[in-house]
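K.L.:
From the sequence below, what's the structure:
(one chain, ligands or ions: 1)
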Amino acid sequence: MDKDKISKEVEERFKKLQEKKVKGGKRSKTVHASHITGECVRRPWYDFRETPEPLTYDSICNFWAGTILHENAPLGGRNEVPLSANIKTMQPIGKKDINDYNLFDCITGTADDILEFEGDIVIADKKTFSTLSQRGMKKPPPTEPDKGYVAQLNIYKLLLYICEGVEAKYGTIIYLNKATSFKDPICFTFELQSVDEIRSWVLTKLGKLRQLVEPERVITKYCNYCPHKKVCAPPQALIPKWSS
Ligand code: SF4
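P.N.:
Residues are numbered from 1 along each chain as shown. The predicted model follows:
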């Protein structure tokens, strides 16, 4: 066989393997914690009503790298802990019991790591970033945790409390730099909100997902990567340039 053909075939096999691991293009079946942590609620509102644009190859590679990382980086304690609960009734619920009637009462999620330090329960999450832009320009590392990621850990606290009666005290986010092959991780630790505060915030977001008309647009740099950009059609001139 031709050497070029062999190379091409091996490259294609690798790409297919990445694609197989990261399946996209379907409507969401349950509300995942990450659905309600972004600034724009219209985006997850569409997730339950529209078929998203297919993932780009760049996104597939990003998701794939993240999946491989998560599967291979347990931080001790309990790892990849699935959690799902009905927030309205404050009862645990299996994913299979979430249906059209209770869809917008329930949240699902998977906590990366649940750790214990001197009797305090800590929920940890791994996030990747890059100090190099796609054009090879240098970017500064994060100096504080992203608000959406902090919200995500608060939701995991609520789910853990409902599912197991355990009240986590801290959240910690470990940022891993793809540009340096994850050298020198940066970690931010913070106190989590009270169960009542988190529940009230989550119920407000679920209410917006349930409404019959689409929520207002919140136009940010993330619109550039929104899988519903076409149907939402935000004015292009209002979308900020991606600078960080
Ligand atoms: S394009 Fe922007 S405003 Fe529209 S749904 Fe997506 S994130 Fe929201």
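
K.L.:
what's the pLDDT at Ile239?
P.N.:
Ile239 is assigned 88 on the pLDDT scale.

K.L.:
Can you report how many residues neighbour it?
P.N.:
16 (other Cβ atoms under 10 Å). No exception for glycine: its C-beta is placed from N, CA and C like everyone else's.

K.L.:
In contact with it: list those residues for me.
P.N.:
Contacts for Ile239 were tallied using Cβ atoms under 8 Å, 6 or more residues apart in numbering; they are Ile219, Thr220, Lys221, Cys223, Asn224.

K.L.:
Counting neighbours, which of those end up buried?
P.N.:
Among the contacts of Ile239, the ones that count as buried by 16 or more other Cβ atoms under 10 Å are Ile219, Thr220, Cys223.

K.L.:
can I get those in a markdown table with secondary structure, distance to Met1 and pLDDT?
P.N.:
Formatted as a markdown table, these follow (DSSP: H, G, I helix; E, B strand; the rest coil; distance: Cβ to Cβ, whole Å; pLDDT from 0 to 100):
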| residue | secondary structure | distance to Met1 | pLDDT |
| --- | --- | --- | --- |
| Ile219 | coil | 51 | 96 |
| Thr220 | coil | 49 | 92 |
| Cys223 | helix | 46 | 93 |
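
K.L.:
just checking: which of those residues also lie near the ligand?
P.N.:
Near the ligand, judged by Cβ under 6 Å from any ligand atom, the entries from the buried ones among the contacts of Ile239 are Ile219, Cys223.

K.L.:
how far away is the most centrally placed residue in the chain from Pro44?
P.N.:
Geometric centre of the chain, nearest residue: Ser34, 4.2 Å, by Cα atoms, centre = their mean. Counting by Cβ to Cβ, to the nearest Å, the gap from Ser34 to Pro44 is 9 Å.

K.L.:
Can I get the least confident helix or strand in the chain by mean pLDDT as CSV, trimmed to CA atoms?
P.N.:
Here the helix or strand of the chain ranked lowest by mean pLDDT, DSSP states H and E is helix 57-71, holding a mean of 90. The C-alpha trace of helix 57-71 is given here as CSV (Å, rounded to 0.1, in the frame of the first residue of the first chain):
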residue,chain,number,x,y,z
TYR,A,57,-13.4,19.9,14.5
ASP,A,58,-11.8,22.4,16.8
SER,A,59,-14.5,21.9,19.4
ILE,A,60,-14.3,18.1,19.0
CYS,A,61,-10.6,18.3,19.8
ASN,A,62,-11.1,20.5,22.8
PHE,A,63,-13.9,18.3,24.2
TRP,A,64,-11.8,15.2,23.5
ALA,A,65,-8.7,16.5,25.3
GLY,A,66,-10.9,17.5,28.3
THR,A,67,-12.5,14.0,28.4
ILE,A,68,-9.2,12.3,28.3
LEU,A,69,-7.9,14.6,31.1
HIS,A,70,-10.9,13.9,33.3
GLU,A,71,-10.7,10.2,32.9
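
K.L.:
what does this structure have sitting close to the ligand?
P.N.:
Going by Cβ under 6 Å from any ligand atom, the residues of the chain near the ligand are 40, 42-43, 46, 217-219, 222-223, 226, 228-229, 232, 234.
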